[in-house]
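Enquirer: here are the coordinates; sequence isn't available:
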């Protein structure tokens, strides 16, 4: 059984498994399989709390809204900020995005914090994807669940702190110029 098939079959507490349920489940499984294959060699695993009702629940991809994929459908602020920062820092192709709980805790119109049992049930999927990657936790729930390096969640006014946190992980020790004030020329990371 493939990773995506295992995920589609998983019962993770009272979460909605959009890879199994709903009229778009097959499309979302295909999207996820393609995304995982494209990021198979990604060095970083960016881990959030759980899919959002306007983001991965609809698109099938962590930190991604349907609008980002197709130009139509709902947009999600967190997805927009995360993808823009990854692109800006030239980390998009080298980063696989995931969630501590890979299925949606909440309803079609709301999110809720995942339970401890849901976090535990999502752990095998996270551990599988984390192998051989540098894990970066987005937000406190992901940090508590993984113990990984922490970056602030971009919601509720945290976009700049999120970008600054990601800047620490800019690849390869080359200068990163895009987020610096005009009077600064570069910052080296290594």
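Expert: All right, it came through fine. All figures in this text were calculated on a predicted structure; none of them were measured in a lab.
Enquirer: how near is residue 167 to residue 83?
Expert: 16 Å (Cβ to Cβ, to the nearest Å). For every residue, glycine as well, the C-beta is placed using N, CA and C.
Enquirer: low pLDDT regions in this structure?
Expert: Applying pLDDT under 70 to the chain flags residues 170-190.
Enquirer: Nearest the middle, which residue of this protein would you pick?
Expert: Ranked by distance to the mean C-alpha position of the chain (Cα atoms, centre = their mean), the top residue is residue 97 at 3.5 Å.
Enquirer: got the contact list for that one?
Expert: Shown in contact with residue 97 (Cβ atoms under 8 Å, 6 or more residues apart in numbering): 45-48, 61-64, 82.
Enquirer: Please name the bridge partners of it.
Expert: Beta-bridge partners for residue 97, by DSSP bridges, are residue 46.
Enquirer: and residue 126, what element?
Expert: Per DSSP states H and E, residue 126 falls inside helix 116-130.
Enquirer: could you say what helices and strands that helix packs with?
Expert: Contact here means 3 or more Cβ pairs under 8 Å, 6 or more residues apart in numbering; DSSP states H and E; on that basis helix 116-130 packs against helix 3-9, strand 44-48, strand 95-99, helix 140-146.
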